[in-house]
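**Student:** got a sequence here, can you build the structure:
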Amino acid sequence: MSFDYINMVLKPMLDGTKVTLLLFLIVIIFSIPLGFLLTLAVRSRFKPLSLIVHAYIYVMRGTPLLLQLLFIVFGLPLLPVIGDYLVLDRFVAACLGFVLNYAAYFAEIFRGGLLAIDRGQYEAAQVLGFNKWQTMTRIILPQMFRVALPTVANESITLVKDTSLLYAVAVPELLHYAQTAVNRDFTIVPYFVAAVIYLVITLLLTMILKRIERKYQFE
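**Tutor:** You can find the predicted model right below:
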């Protein structure tokens, strides 16, 4: 193994890393707010909405993410009548699949965070004269996020690794370029390079998330 060879394979793999990080950022930005909205919908007093969202979360958490990606990328265009209108760019389709899947997981995480809040908190807020909006925004939600943050952090780490599923839907990302180099050069070195890149990303993300957790613990 020479450094010249590592430098040669590293450049395209870093290009693939950009796609990996872009997917990660898009999913985090959209799935966390969507997950919170789903949590509110599950708790809605409007039963049809609550049942529909319950079913959605069950399906998204009960089927493999890879199957969902394959369905969105390759299955939707095959639907009769409307299939021609559902042909999406593969990266866009993959982003959609990831967001819909992770939103369901974040919804359950946030629901667990809300359940962890003692009912006495709501009663105390009423005694202090807070309305429902003030109670949720000033008392309940900050505590919910503090409780849910470690699990959200773990799910975010999992997301970094799950981005490798882009390889299955022919979106060129980090693992794609590693596999291409392995097939071309008959060496496993690109796998080790890819592993190091993944480890560096997860290490940096873990450090950032731990810092955020400590900040919330002392507030």
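**Student:** okay, the residue lying farthest from the centre of the chain: pLDDT?
**Tutor:** Note on the chain: the largest C-alpha distance from the chain mean falls to residue 127, namely 38.4 Å (CA atoms, centre = their mean). Note on residue 127: pLDDT of 75.
**Student:** how many residues are close by residue 41?
**Tutor:** Residues lying near residue 41 (other CB atoms under 10 Å) number 17. To be clear about C-beta, it is placed using only N, CA and C from the backbone, and glycine gets the same treatment.
**Student:** tell me how far it lies from residue 35.
**Tutor:** For residue 41, the distance to residue 35 equals 10 Å [CB to CB, to the nearest Å].
**Student:** what do you get for residue 212?
**Tutor:** Counting by CB to CB, the gap from residue 212 to residue 35 is 17 Å.
**Student:** could you pull up the residues touching the residue most central in space within the chain?
**Tutor:** Taking CA atoms, centre = their mean, the centroid of the chain lies closest to residue 102, which sits 4.4 Å from it. By CB atoms under 8 Å, 6 or more residues apart in numbering, residue 102 lies in contact with 27, 31, 35, 155, 159.
**Student:** among the residues you listed, which pair sits farthest apart?
**Tutor:** Farthest pair in the contacts of residue 102 (CB to CB) is 35 and 159. Separation: 12.4 Å.
**Student:** among those two, which residue is more densely surrounded?
**Tutor:** Shown here are residue 35 and residue 159; by other CB under 10 Å, residue 35 has more neighbours (24 against 19).
**Student:** for that one, give its distance to residue 166.
**Tutor:** According to CB to CB, residue 35 and residue 166 sit 21 Å apart.
**Student:** again, but for residue 33
**Tutor:** 23 Å.
**Student:** out of the two, which sits in the more crowded spot?
**Tutor:** Regarding residue 33 and residue 166, a neighbour count based on other CB under 10 Å identifies residue 166 as having more, with 25 against 12.
**Student:** please name the nearest non-neighbouring residue to the more buried one.
**Tutor:** Closest residue to residue 166 apart from its sequence neighbours, by CB to CB, 6 or more residues apart in numbering: residue 173 at 4.5 Å.
**Student:** was I right about that neighbour contacting residue 161?
**Tutor:** No. If you go by CB atoms under 8 Å, residue 173 and residue 161 don't touch, sitting 12.0 Å apart.
**Student:** tell me which of the two has more neighbours.
**Tutor:** Ranked by neighbour count (other CB under 10 Å), residue 173 and residue 161 place residue 173 first, with 24 against 12.
**Student:** tell me the contacts of that one?
**Tutor:** Listed by CB under 8 Å, 6+ apart, the contact set of residue 173 reads 16-17, 19-20, 23, 163-164, 166-167.
**Student:** pretty sure residue 110 sits against residue 33.
**Tutor:** No. The pair formed by residue 110 and residue 33 falls short of the contact definition of CB under 8 Å, at 10.5 Å.
**Student:** let me see the ranges of the strands in this structure.
**Tutor:** With DSSP state E, there are no strands along the chain.
**Student:** any stretches of it with poor pLDDT?
**Tutor:** Low-confidence segments of the chain, defined by pLDDT under 70, span residues 1, 217-219.
**Student:** all helices of it, in order?
**Tutor:** Using DSSP state H, the helices of the chain run over 3-42, 47-62, 65-70, 90-115, 119-127, 132-134, 141-162, 174-185, 189-217.
**Student:** so which bits of the shortest one are buried?
**Tutor:** Spelled out, that is helix 132-134. Buried positions in helix 132-134, judged by neighbour count with 16 or more other CB atoms under 10 Å: none.
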